[in-house]
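Asks: Okay, here's the prediction I keep looking at, along with the sequence it came from:
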Amino acid sequence: MSETSVIIPLYGNHVGTSRLPVTVRAWLDQQAPVTVVIATAGELALGDDIVSRPGVRVIVAPPTETAPGLLRNIGAAQVSTPWVYLSDADVAPLDTDFLARARAAAGDGAFVQPAMLRMAQSPPEHPMSEWRLAEEPSDADRFCFVTADPDGTLRRLPGERIVWEDDAPMVYPPPGHGHADDAREVDLRPMFHWGSVLVRREQFEALGGYCTAYRGWGCEDDDLLVKLNGSLAVRHGWRDAPDLRLVHFEHPRPYTGEPLRANRDLLRRRRQRGVAAMVADDRAALLAGD
């Protein structure tokens, strides 16, 4: 019986859709049984190779629910597993014992922001359960960007530059792998999955889930992390269990402009009110949605 539901939000034409076959298989290949829940805003053409797999559920939300936090709330409300893992369509675990070890690390709290490798090409044909790093990074010689051989051997991509910002490891991409509209000196990425969260379902519900006021991509995960850090014992994977890794399939930036600026303003206002008020507002919104 599954103990963890992996909740993946998806809407519009997000490029993560093309990586779903790889991502879904990697989660289903975990040593501990899991349920993969794909919550979509409206009907999306996901393909029979995904929706027909045992262990996969597709939950179709109204087409207006175009925000990852909203869709993760909807997905989490439809499951009964003790744990929920809140993720994205373009991120998958490198090792088959990822979830079991992450649950052990979480203890009575939450496990967030695991270390992440950024794949700068299309994934190889071999399933992720067969992928291996050609070299294991040491604490003093971490790396983030990788390429893959046809057999699934992952190799570091030279030219990245690692810095520490707000006591967290960040990386400037290798030349030619940054965002086209950014100068290299500002194109900084985390070396971990920013919004990845493993938490007990009851605790997620007690915090009111994600704030439902955010629209589009951006800041809904920062908001949830504020509530988690103010309410539970939180283990940060990149620091506390750096050998537990995800792979992110790189793609053009999915969001910019007015929606992101509005989300940042909303996050600032909510943080000023404090964690207790944030939780109270979100619990009330969650109950009103029922």
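Replies: All right, it came through fine.

Asks: Next, Arg283: phi, psi?
Replies: In terms of degrees, to the nearest 10, the main-chain angles of Arg283 are phi -60, psi -40.

Asks: Isn't it up against Gly208?
Replies: Yes. Contact criterion CB atoms under 8 Å: Arg283 and Gly208 qualify, at 4.0 Å. C-beta here means a position set from N, CA and C on the backbone, and glycine is covered the same way.

Asks: Who has more neighbours out of those two?
Replies: Neighbours per residue, other CB atoms under 10 Å: of Arg283 and Gly208, the larger number sits with Gly208, 21 against 15.

Asks: Can you check my assumption that Gly208 lies in a strand?
Replies: No. Using DSSP: H, G, I helix; E, B strand; the rest coil, the assignment for Gly208 is coil, not a strand.

Asks: Run through the residues that contact the closest residue to it other than its chain neighbours.
Replies: Closest residue in space to Gly208, ignoring its immediate chain neighbours: Asp282 at 2.7 Å, by CB to CB, 6 or more residues apart in numbering. By CB atoms under 8 Å, 6 or more residues apart in numbering, Asp282 lies in contact with 207-212, 227.

Asks: just Gly218 next, same as before
Replies: Applying CB under 8 Å, 6+ apart, we find Gly218 in contact with 255, 259-260, 263-264.

Asks: Quick check: pLDDT value at it.
Replies: If you check Gly218, the pLDDT there is 85.

Asks: before we move on, what SS does it have?
Replies: coil.

Asks: out of the contacts of Gly218, who has the most neighbours?
Replies: Going by other CB under 10 Å, Asn263 tops the contacts of Gly218 with 23 neighbours.

Asks: Helix, strand, or coil at that residue?
Replies: Secondary structure assignment for Asn263 (three-state DSSP): helix.

Asks: hang on, it packs against Tyr210?
Replies: No. In this structure, Asn263 is not within contact of Tyr210 by CB under 8 Å, at 11.9 Å.

Asks: which stretches of this structure form helices?
Replies: Ranges of helices within the chain are 20-28, 48-51, 68-76, 98-106, 201-206, 220-229, 237-240, 258-273, 275-289, based on DSSP state H.

Asks: would you turn these into TSV with distance to Tyr11?
Replies: Shown next, in TSV, are these (distance: least, CB to CB, whole Å):
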stretch	distance to Tyr11
helix 20-28	13
helix 48-51	16
helix 68-76	7
helix 98-106	25
helix 201-206	21
helix 220-229	13
helix 237-240	26
helix 258-273	13
helix 275-289	18
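
Asks: any weak-confidence spans in the chain?
Replies: Where the chain drops to pLDDT under 70, the residues are 179-186, 253-258, 290.

Asks: Residue nearest the middle of it, spatially speaking?
Replies: Centroid-nearest residue in the chain: Ser87, 3.3 Å away (criterion: CA atoms, centre = their mean).
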